[in-house]
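In: my questions concern the predicted model and sequence given below.
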Amino acid sequence: MKLQWLVLLAFLFAVLITIFAVVNVDTVPVNFVFGTADWPLILVILVSALMGFLLSGTVALVKIFSLQKDMKAMRKGKPVKQKKNVSAS
């Protein structure tokens, strides 16, 4: 049930981003390190959202693979190296 809510929220967020992007269709200057280009704002918004999704997905996948590796090691009875726990204090 939790996964269904997560998928529903992700879908709603994607719809909101799409509506926001479609409403903003003006051309804006995009400043790259090596130059400037005029792009439609809809592309800037959608590309930025896609890059954010890919970056957060990559970080999540790295964390998942790391945890799976630790689980396999624990099942085999091997000691797992302790990672530093970063606290807010």
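Out: Happy to help now that I have it.
In: so V44 sits right up against V28, yeah?
Out: Yes: contact criterion CB atoms under 8 Å: V44 and V28 qualify, at 6.4 Å. In short, each C-beta sits where N, CA and C put it, glycine included.
In: shared neighbours of those two, anything?
Out: Shared contacts of V44 and V28 (CB atoms under 8 Å, 6 or more residues apart in numbering): none.
In: and the longest helix anywhere in the chain, what other elements does it pack with?
Out: Criterion DSSP state H: the longest helix present in the chain is helix 41-75. The contact analysis (3 or more CB pairs under 8 Å, 6 or more residues apart in numbering; DSSP states H and E) places helix 41-75 against helix 2-23, strand 27-31.
In: buried ones in that helix?
Out: Residues of helix 41-75 classed as buried: 41-42, 45-46, 49 (neighbour count, 16 or more other CB atoms under 10 Å).
In: cool, and stretch 11-20?
Out: Residues I17 are the ones in stretch 11-20 that count as buried (16+ other CB under 10 Å).
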